[in-house]
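Chemist: Predicted coordinates and the sequence they were generated for:
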Amino acid sequence: MNKFSKIYRTASIFFVYLFVLNSCSDELVTDSRVSPTEQNVNKKMKMPWIPGEVYVKLATPDTRAIQEVSSNLQSTVPMTRSSKMVMMPVFDVSGEYADAMRREGMDKWYKINFDEHVDVQTVIDELRNNKTVEFVQGGIAVVQHDVHYTPYASHAYTTRANNDVLDANGGYAPFTSEDPFLRKQWHYQNDGIIYGFTKGADIGLFSAWNQTKGNPKVVVAIIDSGIYAEHPDLKKAMWTDDQGHNGRNFLNNTGDIDPGFHGTHVGGTIGARSNNGIGVAGIAGGDGTEGMENSGVRLMSCEIFGADRLDGSAQAAKPDQIANAFVWAAKNGAVLANCSWGYPYDKKKYGNAEDYKQQFAESNEVIRVAMKFFINNAGKDGAGRQKEDSMMDGGVIIFASGNDNTRNVDITPAYNSEVIAVGSFTPDFSLAEYTSTGDWVDVLAPGGIVELDITKGILSTVPSTFGKIKLGDVYASKYLYPNESLYAFANGTSMAAPHVTGIAALIVSKFGGKGFTKDELRKRLMAAIKPQSLEKASSDVVLRGKMGVGFIDASLALNDPEKMAPAKVQEIEVKEVNYYDATLRWSVTSDEDAVTKTAFAYDIYLLNEENGTLANPVATVYSNELSAGTKLSYKLVELESNKHYFVKIIARDRFQNKAEAAKVDFKTKENYAPKITNPLEPDFKILDTKPFFRYVFKVVDKDGHSWKYIADNKPENVTLVQNERKDELEFTVLVNGKVGKQSFDLVLVDELQGKHVEKISYEIVESMAPKQKSEFADIILGENDKPMRIELEHLFQTSSGIEPIYEVTIDNGECVIADIVGDALVLTPKKEGVATVLLTSIDGYKKTVSTIRVKIIKNNSSDIQALYPLPAHSCLKIGLKRGLKEVNVMVTSMRGEVLKDEKLLVKQYTYTATLSVNRLVPGVYNLIVKTDRNTSKITFIKNW
């Protein structure tokens, strides 16, 4: 993702399915009984769904499932009954790779297109409840963003006489037709001869070129905007099919590529022809020969962004089109894929890292499935065997980490563990300020920075139209190499990623062939790290472990394998053992066959028992430029107090040759971390009826230590204020007009670094009148009966989750008295008659009025007080006097023949019993009810 433009069926289709889709009242109340759960917060954010489409993965990809999905939407989603709807497979599961695609479950994926006026989220929510749907997602567009820098100077590092850019290196001596701008490409070879440039802040390419310069059998897919194939530095680098196409345009599903500056710039870094006497050189651009083993890799243009518009924007492909780019590339011979795009992160829009991750990770699933297909099937035939002419078994995808300057936000899709995520550094090794970082970033590569001078950016190829477009407020001509129209400087992780892809292409060029696998390539890339400390990138402790393993180096990537394990760590010292941390110290060990003559890295394992299983190390420390015997240290943090730990440190080289483990153990001191004594209740709800919600947490530190709080991932609409006595923390949520769930980690830290993590979770809900869970049946009481008590708790559901308050009125107080006692309705019978009771439930803002009909009867009257429905059909409801728990019921014919004789339970509160009569033929019958008090008889009619 570059900083000035973050961007992130020969066979018939299996199936296309086309069809046409076609007693309580609410009111506001002014009375307010306010509780902490009745205030407001951010409402659920609206997802930026592409209108009129969703993607589903069916449990079984058959016609019945498709019909069930269509029927489901027809009957439940508004507007679809009068709108055309099309459901079709995302992938063409036919031909040679059909079985492989089925193994990946790709035949289960379908795209549903519908009226763009239909709410996408409504469709998604409905499909999630459908048992035939295994997964559903909406579509979100990947985008290109505007320029973030207006260069302070276009060409600061130039000679005054002819405006030539100053040389960053002395050129590559073996080239006889040197590319004139190669000496300006500091990112390949930085000799430190320009002020502000640090020697070695590059990828060490010149040394790597002594081993290989790129094999034409290696095909690299540039999944990006289209490559300008007529560029003089790229024309001979392009992959070509038997119809003369250089790739595929996935926006219109043709072989006609629309050039874009982003894909062209990326492609030039990877494979611009080298030693051809013009322009720039590419990392794997060959040696100037044609058709020879070292003539350079081939670039396959997979267009997912359209031609550059004058404002610098470009049409983005939809998720199914992007997914098919990966599949098509794998089927057509690519084994590497460069992806300098993604979903950008905006804290103002997405609240916090968890919100972003939840929204975008799930919305990327159909693309992730296709990426997995590329990784597992590139270089193979349909049966899963490596092709004879393929240089690698499997594929590797390289992604830019993103240009949003985020910390610990899982940028999609780069955070996926199956890809290699690349961050960016500048000509002095410093981490580029725009780089998104996190523990998912794998490695750093040159991405440059053009804020003060464009020549600190990455120099590569652009289309001839580049100078005419505008990037934000700046014309792109500002970034052009002086007096040139086909070469320009750019910066961003978009520019860093192709450096790693280019190095990967060199690795495959040298070591590739039968039996060479994607896993071997990944191992080499992750071990090809300069012996330079990441402290040079940033000394910020927050970024430790968030910048990858180090600075990538092309020369080290091509080294022959080391065979000897490094020496064992001799002694581990445990220093400064505290309550929650301890510092380990040991010495750098030697490694005879390593380039640096020292161990490459030390894996640290933290165990709860002495012989615990070694799973994943808690940390890896690198020797970098340090010599054998030099002290190394690592601080273990976030330990538990008063606990015994066991540590193992294993030295290893770049090729995973490992020394014997060194061991040590220690016990931390005891401390009590501060804790909240009145946390929010589970399933805490906040109503959207007030502009804010405020709650005060009570905090106690048993040791009397002072404390502070940390809430890095809290939503922007949340504020926290600690009081002067430091025993309370005021928690306030501002309202932004949206409902939904929010959560963040509130970390309380005492002066000894004792930590307690409180998960703050709540849901902002729309204020609605209490909902009556079941209807009240008519109530029948005898004149002399005791008062009837109806418990109201749990009979009403409120949006806030709290019990409402109640009010009651009655239209005939002479017959019955109605009172609210606690959370119960009490009915006291007085004399024979009928009354209507109005029960009002109020949640503080809205109310619901329920109607209850009460009948008072003489105590010596029949036990049968009501019988319905009449005529009867399948069952009879028998209304009975209060106090009965069960009754004996008989049904006889008019001649006295007993047809039914059953004992029925009486439902409390309603005092009804239900008798099934569905097997009786139509006619007239007698109903006889026997109780302890008397026997009652009534005649009823049964219909069909």
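Modeler: Perfect, thanks for sending it. It should be emphasised that the depicted structure is a prediction, and the values quoted were computed from it without experimental measurement. Numbers count the residues shown, from 1 in each chain.
Chemist: From now on I want contacts and neighbour counts done on CA atoms only, so please keep to that.
Modeler: Noted.
Chemist: Name the residue closest to the centre of this protein, please.
Modeler: With distances taken as C-alpha atoms, centre = their mean, the residue of the chain nearest its centroid is Ala361 (2.5 Å).
Chemist: Let's see the pLDDT reported for that one.
Modeler: pLDDT for Ala361: 72.
Chemist: before we move on, what about Pro787?
Modeler: For Pro787, the predicted pLDDT is 89.
Chemist: isn't it right next to Leu827, touching?
Modeler: Yes: using C-alpha atoms under 8 Å, Pro787 is in contact with Leu827, at 5.4 Å.
Chemist: Next up, the contacts around the residue nearest to the centre of the chain.
Modeler: By C-alpha atoms under 8 Å, 6 or more residues apart in numbering, the contact list for Ala361 reads 412-413.
Chemist: would it count as being in a helix?
Modeler: Yes: the assignment for Ala361 is a helix, going by DSSP: H, G, I helix; E, B strand; the rest coil.
Chemist: Leaving out sequence neighbours, find the closest residue to Asp191.
Modeler: Excluding its sequence neighbours, the residue lying closest to Asp191 (C-alpha to C-alpha, 6 or more residues apart in numbering) is Lys199, at 4.6 Å.
Chemist: Which of the helices or strands spans Phe666?
Modeler: In this structure, Phe666 sits in strand 662-667 according to DSSP states H and E.
Chemist: Repeat that for Gln74.
Modeler: Using DSSP H and E, the element containing Gln74 is helix 63-76.
Chemist: In its sheet, which strands sit next to the next helix or strand after that helix, and in what direction?
Modeler: Proceeding N to C from helix 63-76, the next assigned helix or strand is strand 84-89, under DSSP H and E. Strand pairing for strand 84-89, determined by DSSP bridges: strand 17-20 (antiparallel), strand 109-113 (antiparallel).
Chemist: Ranked by average pLDDT, which of those strands falls at the bottom?
Modeler: Among these, strand 17-20 carries the lowest mean pLDDT, at a mean of 31.
Chemist: Let me know the distance separating the residue sitting furthest away from the middle of the chain from Leu614.
Modeler: Of all residues in the chain, Arg895 has its C-alpha farthest from the mean position, at 74.1 Å, by C-alpha atoms, centre = their mean. Remark: distance between Arg895 and Leu614 (C-alpha to C-alpha, to the nearest Å) = 86 Å.
Chemist: Same check on Lys236?
Modeler: 50 Å.
Chemist: between those two, who's got more neighbours?
Modeler: Using other C-alpha atoms under 10 Å as the criterion, Lys236 and Leu614 rank with Lys236 on top: 22 against 11.
Chemist: Now the more buried one: phi and psi?
Modeler: The phi and psi values for Lys236, taken as degrees, to the nearest 10, are phi -80, psi 0.
Chemist: same check, this time on Ile367
Modeler: Dihedral angles for Ile367 - degrees, to the nearest 10 - are phi -70, psi -40.
Chemist: OK, contacts around it?
Modeler: Contact partners of Ile367, counting by C-alpha under 8 Å, 6+ apart, are 319-320, 322-323.
Chemist: and the residue lying closest to Gly286 once chain neighbours are set aside, how far is that from Gln742?
Modeler: Leaving out its chain neighbours, the residue that sits closest to Gly286 by C-alpha to C-alpha, 6+ apart is Gly296, at 3.5 Å. Gly296 is 52 Å from Gln742, where distance means C-alpha to C-alpha.
Chemist: Comparing the two, which residue is more hemmed in?
Modeler: Set Gly296 next to Gln742 and count neighbours by other C-alpha under 10 Å: Gly296 wins out with 36 against 20.
Chemist: Wait, a strand at Leu927?
Modeler: Yes: assessed with three-state DSSP, Leu927 lies in a strand.
Chemist: Tell me how many other residues surround it.
Modeler: Neighbours around Leu927, by other C-alpha under 10 Å: 18.
Chemist: one step back: tell me which of Pro787 and Leu827 has more neighbours.
Modeler: Using other C-alpha under 10 Å, the more surrounded residue of Pro787 and Leu827 is Leu827, with 20 against 15.
Chemist: can I have the helix ranked longest in the chain written out in CSV, keeping just the CAs?
Modeler: When the chain is parsed with DSSP state H, its longest helix is helix 493-511. Extracted in CSV, the C-alpha atoms of helix 493-511 (Å, rounded to 0.1, in the frame of the first residue of the first chain):
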residue,chain,number,x,y,z
THR,A,493,4.4,-0.5,2.5
SER,A,494,3.1,-1.0,-1.1
MET,A,495,6.6,-0.3,-2.2
ALA,A,496,8.2,-2.4,0.6
ALA,A,497,6.2,-5.6,-0.2
PRO,A,498,7.6,-6.0,-3.8
HIS,A,499,11.1,-5.9,-2.4
VAL,A,500,10.3,-9.1,-0.5
THR,A,501,8.5,-10.5,-3.5
GLY,A,502,11.5,-9.8,-5.6
ILE,A,503,13.9,-11.5,-3.2
ALA,A,504,11.5,-14.5,-3.1
ALA,A,505,11.7,-14.6,-6.9
LEU,A,506,15.5,-14.7,-6.6
ILE,A,507,15.3,-17.6,-4.1
VAL,A,508,13.0,-19.6,-6.3
SER,A,509,15.3,-18.8,-9.3
LYS,A,510,18.4,-20.2,-7.5
PHE,A,511,16.9,-23.1,-5.5
